[in-house]
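Asker: here you go, sequence then predicted model.
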Amino acid sequence: MGFMNMVHQSVCHTGRFRFLAAVVGTGLLGAPAVAGDPVGVIRVLTLESFRAYDCNGAWDTDLVNGEVFEDLRAALTDPANFGIGGVVDREIQFNSVPEINGPLLSQTDIVMLSTLSEPLTACELRDLGAFVEAGGGLFVFENSAGLRYGPLFGAVGTSSGDSSFGAFASHATTVGPFANTAGSSIQIAFHRHFESLGAHGAPILNHGESAVAAGFEHGLGRAVLFCDEEWVASFGGANCGAGAFDLPLALSFFMNAVAWITPEAGFEYEPVVWPPCPADLVEDCVLDFFDVQTFLARFSEGDMTVDFIDDGVLDFFDVLEFLNDFAGGC
Ligand SMILES: [Ca+2]
Ligand SMILES: [Ca+2]
Ligand SMILES: [Ca+2]
């Protein structure tokens, strides 16, 4: 292994991952404590308790602990809905973590995300896309679901939006196994929508010609992107968000969608090991000006972490090698 690879790999495992390893070490986020059949549990990864948007404490959308989605949480954890002998014969278990990465996704069946205080990084999006492609499930419900996550599945979301009625289309997620919502309309507060769905997307909720929610079959996995969060909120918060206009309908659809995206029991995601990207000095899976700036700063300081031609000397050839790696992309 070359020096730069070693540097890269050691840097890769610092920062958040180290924090996470420490937390796992305490047992707080360790292997799920499973009651009943571990294979049957639907393991839900969510960032909510760490990165949920809480409107400065006034409207806490933390799915696991907050109040805004308390009815949603109650529905998902009601054994009559998801549990042995329930409508879906598998129990839902939340695993709230601070970041998305391969090892955490390897203990996950579906990822459930609403509005985040800190958007996913390019590295996290890359892992999330690979997870769905390998058979994992994803449900995003937030205004920017199409804008932020659509590109993973070939879709384009809009940055503009409005408040409107949406009509549920006929789709696997609208016919069951909970209530049939196909043909029903639902009023939603400010939301964005999709400009296009690409080859693998199908509309779920339509406002005129554009989809507000869509389902995607991506490789072996499935994703539902719903460009709003208020449609399933238990109550509104002043200057923060509105409450659902038809919560029972919203909950039925939500549970249908969870049933649709959930992989078969026994699913195990094997994390993709991405090729090293030495030029990504500001490690964010994006090669940009900041990586160049960092290279130049380290080079001028004689910092041997930028000894790209690994010979113990910083010279013109290291600059050339860096530029070469940079041009090659990640
Ligand atoms: Ca909204
Ligand atoms: Ca970078
Ligand atoms: Ca050198």
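Answerer: Everything's here; your move. Keep in mind it's a predicted model, so treat the numbers as computed, not measured. Ligands and ions are numbered 1, 2, ... in the order given.

Asker: can you name the next helix or strand after whichever strand or helix holds Asn95?
Answerer: With secondary structure defined by DSSP states H and E, Asn95 is part of strand 92-96. As assigned by DSSP H and E, the chain's next helix or strand after strand 92-96 is helix 102-105.

Asker: ok, residues contacting that following helix?
Answerer: The contact list for helix 102-105 (CB atoms under 8 Å, 6 or more residues apart in numbering) reads 20, 45, 95, 97, 111, 127-128, 130-131, 136, 269, 271-273. (Each C-beta comes from the backbone N, C-alpha and C, glycine too.)

Asker: farthest-separated two in those residues?
Answerer: The widest separation within the contacts of helix 102-105, taken as CB to CB, falls between Asn95 and Val273 and amounts to 22.1 Å.

Asker: residues near the closest residue to Leu72 other than its chain neighbours, how many?
Answerer: With CB to CB, 6 or more residues apart in numbering as the measure, Val232 is the residue that lies nearest to Leu72, at 5.4 Å, once sequence neighbours are left out. Residues near Val232, counting by other CB atoms under 10 Å, number 25.

Asker: Arg73 is in contact with Val232, correct?
Answerer: No. Applying CB atoms under 8 Å as the test, Val232 and Arg73 come out as separate, 10.5 Å apart.

Asker: helices and strands around the strand holding Asn95, which ones?
Answerer: Secondary structure elements in contact with strand 92-96, counted by 3 or more CB pairs under 8 Å, 6 or more residues apart in numbering; DSSP states H and E, are strand 42-46, helix 48-51.

Asker: please identify the most buried of the ones you listed.
Answerer: Highest mean neighbour count among the helices and strands packed on strand 92-96 (mean count of other CB atoms under 10 Å): strand 42-46, with a mean of 22.

Asker: helices or strands up against the longest helix anywhere in the chain?
Answerer: For the chain, the helix that runs over the most residues, judged by DSSP state H, is helix 247-261. Packed against helix 247-261, as judged by 3+ CB pairs under 8 Å, 6+ apart, are the following elements: helix 70-77, strand 110-113, strand 137-141, strand 221-226.

Asker: buried stuff in the longest one?
Answerer: In this case it means helix 70-77. Of the residues in helix 70-77, 71-73, 75-76 count as buried by neighbour count, 16 or more other CB atoms under 10 Å.

Asker: of those, closest to Ala238?
Answerer: For the buried residues of helix 70-77, the minimum distance to Ala238 (CB to CB) is 19.7 Å, reached by Asp71.

Asker: avg pLDDT for stretch 115-132?
Answerer: When pLDDT is averaged over stretch 115-132, the result is 95.

Asker: ok, and what's touching that stretch?
Answerer: Surrounding stretch 115-132, the residues in contact under the criterion CB under 8 Å, 6+ apart are 47, 51-54, 61, 99-102, 105, 108, 111, 138, 142-144, 148-149, 152-153, 216, 218-219, 221-223, 229, 269, 271-272, 274, 283-286.
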